[in-house]
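> Structure, please.
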Amino acid sequence: MEFAINYGLIVVNPEQKGDELDILHFCGFEKEPTIDDANNLRNELRDDPSFELQNIWDKVDILPAPENIVEEYKKIINTPQE
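From the prediction side, this is the model:
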């Protein structure tokens, strides 16, 4: 079952130096994400070692993804894998 990505949350490290923050994780949503969605994502970052963010899960910022970032991730997801 597929869903359209219309919104997203990005995970960034606010302690990162420089003008542009690296996106540590992107999570796409069909509907506009809620505070509960952000809290659930933070818990998942804490509990799932595959994200490799367990050591900073409580320090990261989880922010609404700007439209251009959502569009970039849509392109990545819709690109056929070889």
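> Need the phi and psi values for the residue most central in space within the chain.
Residue closest to the average C-alpha location in the chain (Cα atoms, centre = their mean): residue 26, at 2.2 Å. Per-residue torsions, residue 26: phi -120, psi 140 (degrees, to the nearest 10).
> Kindly report the same for residue 16.
Main-chain dihedrals, residue 16, degrees, to the nearest 10: phi -70, psi 140.
> Repeat that for residue 15.
Dihedral angles phi and psi of residue 15 (degrees, to the nearest 10) take the values phi -90, psi 0.
> quick one: contacts for it?
Neighbouring residues of residue 15 by Cβ atoms under 8 Å, 6 or more residues apart in numbering: residue 59. (C-beta placed from N, C-alpha, C; glycine too.)
> Export the helix or strand containing residue 70 to CSV, keeping only CA atoms.
Assigned by DSSP states H and E, residue 70 falls within helix 67-78. Extracted C-alpha coordinates of helix 67-78, given in CSV (Å, rounded to 0.1, in the frame of the first residue of the first chain):
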residue,chain,number,x,y,z
GLU,A,67,8.4,22.1,0.8
ASN,A,68,11.6,22.0,-1.3
ILE,A,69,13.0,19.2,1.0
VAL,A,70,9.7,17.2,0.8
GLU,A,71,10.0,17.5,-3.0
GLU,A,72,13.6,16.3,-3.0
TYR,A,73,12.7,13.2,-0.9
LYS,A,74,9.7,12.5,-3.2
LYS,A,75,12.2,12.4,-6.1
ILE,A,76,14.5,10.0,-4.3
ILE,A,77,11.6,7.7,-3.4
ASN,A,78,10.2,7.7,-6.9
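> elements contacting that helix?
With contacts defined as 3 or more Cβ pairs under 8 Å, 6 or more residues apart in numbering; DSSP states H and E, helix 67-78 has these neighbours: strand 7-12, strand 25-29.
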